[in-house]
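Q: Structure here, sequence nowhere to be found:
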Ligand SMILES: O=C[C@H](O)COP(=O)(O)O
């Protein structure tokens, strides 16, 4: 499984990239708004992320019609070679995904919550599909079970092009564990959750014991 960072925060992206584990970044309008960024600076911001990350960077269109989504998608794709256009799973989004992928522009279909949505996204030409996990948990449903259904269903078929499943709306190390065990291709993880993935209380306890014992060696 590859790790993407689910953020538009440049400091977080630079830090995770320095760990050598970052295979890509996903952004959305909420994540960009959280940086305090202005509309005028959005394209420059995506360019800056693309310069830091050696991998696909999803930039989301906020258009609602196929023509606008296609126009927006072309503009976003022109920003850098590693831009992936993120498009919501809806009828207009499918049509735009088909048009953009036919032009060789990779699309990440987002806000995916069901197996039929995922299969349709793949059929339309989506390079990436993003089933959301945490938002199912938020409504007292089992997000991991939903993700497992999507992974199993998509893996049943050959769509004639590469399709990777991005476990999105990931909130915890346990989500990452479950996504990896079921063979999700990618987990896109917020920075705080990524840090939690590195940590384990037994690692901390073991390290503490090693440091204390090493002090004894130094004083012997
Ligand atoms: O845009 C995709 C995100 O992974 C959504 O995550 P979230 O449910 O934590 O906002």
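A: Cool, got the structure. Only a predicted model underlies this, so the values are computations on that prediction, with no experimental measurement involved.
Q: drop to CA atoms for contacts and neighbour counts, all remaining ones
A: OK.
Q: Would you mind naming what in this structure lies close to the ligand?
A: The interface of the chain toward the ligand, taken as C-alpha under 6 Å from any ligand atom, is made up of 6, 28, 134-135, 168-169.
Q: ranking those residues by neighbours, who comes first?
A: Neighbours here mean other C-alpha atoms under 10 Å. Within the residues of the chain next to the ligand, the largest count is held by residue 168, at 28 neighbours.
Q: which residues touch that residue?
A: With contact taken as C-alpha atoms under 8 Å, 6 or more residues apart in numbering, residue 168 is in contact with 130-134, 187-189.
Q: quick one: buried residues of the host helix or strand of residue 14?
A: Secondary structure from DSSP states H and E places residue 14 in helix 10-18. Buried residues in helix 10-18, counted by 16 or more other C-alpha atoms under 10 Å: 12-13, 16-17.
Q: pLDDT added to the residues you listed, as CSV?
A: Written out in CSV, the entries for the buried residues of helix 10-18 read as follows (pLDDT from 0 to 100):
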residue, pLDDT
12, 98
13, 98
16, 97
17, 97
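Q: re the thing from before, now, the residues of the chain next to the ligand that are in strands?
A: residue 6 (DSSP state E).
Q: Single out the residue in this protein that lies closest to the ligand.
A: Distance from the ligand to each residue of the chain (C-alpha to the nearest ligand atom) is smallest for residue 169, at 3.3 Å.
Q: any idea of the pLDDT on that residue?
A: pLDDT, residue 169: 98.
Q: quick one: residue 87 and residue 60 touch, right?
A: Yes - with contacts defined as C-alpha atoms under 8 Å, residue 87 counts as touching residue 60 at a distance of 6.1 Å.
Q: Quick check: beta-bridge partners of the residue nearest to the spatial centre of the chain?
A: To find the centre residue of the chain, average its C-alpha atoms and take the closest one (C-alpha atoms, centre = their mean): that gives residue 188, at 3.4 Å. Beta-bridge pairing of residue 188 under DSSP bridges involves residue 4.
Q: For it, give its distance to residue 145.
A: In this view, residue 188 and residue 145 are 17 Å apart by C-alpha to C-alpha, to the nearest Å.
Q: pLDDT wise, what is residue 87 at?
A: Confidence at residue 87, expressed as pLDDT, is 98.
Q: do the same with residue 219
A: According to the model's per-residue confidence, residue 219 sits at a pLDDT of 96.
Q: How about residue 15?
A: You'll see residue 15 listed with a pLDDT of 98.
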